[in-house]
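Undergrad: Model the following, please.
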Amino acid sequence: MQENINEDNVSEVKDVEENIKEEETKKVSGMKGFLFDWILPVVLALIATLIINKFLLFKVYIPSESMKPTLEKGDQLFVTKVYNLEKLQRGDIIVFYSNELGDTLIKRLIALPNDKVEIKEGKVYINGDETSEEYVKNPSIYNGSFTVPEGKYFFLGDNRANSADARYWANPYIDGDEIKGKAQVRVFPFNRVGMLK
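TA: Predicted structure coming up:
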């Protein structure tokens, strides 16, 4: 009789130990599942976002009307990083830093290094040829001429009558090192989402 009681006790203890081990295994597998199903994907997404933002593209907000009607105040854009300045073309919409203004700006690239720019009654001539600027809906009657130095770039806003751009800066040229990216697509507002021209 005594032996049966001891065997039953041993059996109950084993059952309890097995139940405890099963519960611990479930907790561990539950934690692993949570880690692999939730935490790891979120961490990887954050790392991927940081890498993309650092090396490929970033988002900008338009704070003024200097690029109207192409860009409206409040628009949000994706901008790709620029690594090869030789791929820039006249007419590109570029994000750059102005040392003179101490601010990051977005304007239209009008002239490349060594270009001669002449503005007569608001019309822009590059190296003697009049440029087609269908994006300018609000012209100005400004007159002036510029010769872009080597390694520098010349920018104007599309809203020529209301844009504080290179025409009015003490130093009208932006160094290539200050060019941050090329605006590619509008992502907000949703009714105007699309590629930029």
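
Undergrad: Please verify my assumption that residue 60 contacts residue 106.
TA: Yes - using C-beta atoms under 8 Å, residue 60 is in contact with residue 106, at 6.5 Å. The way it works is simple: take the backbone N, C-alpha and C, and place the C-beta from them, glycine included.

Undergrad: Common neighbours of the two, please.
TA: Common neighbours of residue 60 and residue 106 are listed as 77, 95, 183 (criterion: C-beta atoms under 8 Å, 6 or more residues apart in numbering).

Undergrad: Have a look at residue 60 and residue 106 and say which one is more surrounded.
TA: More crowded of residue 60 and residue 106, by other C-beta atoms under 10 Å: residue 106, with 25 against 17.

Undergrad: Skip the chain neighbours and tell me the closest residue to that one.
TA: Once flanking residues are discounted, residue 106 sits nearest to residue 95: 5.0 Å by C-beta to C-beta, 6 or more residues apart in numbering.

Undergrad: Then residue 166?
TA: Using C-beta to C-beta, 6+ apart and skipping the chain neighbours, the partner closest in space to residue 166 is residue 172 (3.9 Å).

Undergrad: For the one you found, which residues are in contact?
TA: Contacts for residue 172 (C-beta under 8 Å, 6+ apart) come out as 146, 154, 166.

Undergrad: Residue 109: what's it in contact with?
TA: If you count contacts by C-beta under 8 Å, 6+ apart, residue 109 has them with 88, 89, 90, 91, 92, 93, 94, 153, 154, 155.

Undergrad: Check the gap between the nearest residue to residue 163 once chain neighbours are set aside and residue 190 for me.
TA: Excluding the flanking residues, the one nearest residue 163 by C-beta to C-beta, 6+ apart is residue 157, at 2.8 Å. From residue 157 across to residue 190, the span is 25 Å (C-beta to C-beta, to the nearest Å).

Undergrad: neighbour count winner among the two?
TA: residue 157 (25 against 7).

Undergrad: Distance of that one relative to residue 116?
TA: Plainly put, residue 157 is 21 Å away from residue 116 if you go by C-beta to C-beta.

Undergrad: Out of the contacts of residue 172, who's the most crowded?
TA: Of those, residue 154 is surrounded by the most neighbours, 26 neighbours in total, counting by other C-beta under 10 Å.

Undergrad: So what sits opposite it in the bridge?
TA: When assigned by DSSP bridges, residue 154 has beta-bridge partners residue 111, residue 173.

Undergrad: Repeat that for residue 195.
TA: Going by DSSP bridges, residue 195 forms beta bridges with residue 185.

Undergrad: hmm, back to that, and which of the contacts of residue 109 is nearest residue 129?
TA: Nearest to residue 129, judged by C-beta to C-beta, of the contacts of residue 109 is residue 90 at 10.8 Å.

Undergrad: Could you check the pLDDT of the closest one?
TA: If you check residue 90, the pLDDT there is 97.

Undergrad: my guess is it meets residue 124, correct?
TA: No - using C-beta under 8 Å, residue 90 makes no contact with residue 124, being 9.8 Å away.

Undergrad: For those two, indicate the residue with more neighbours.
TA: residue 124 (22 against 15).
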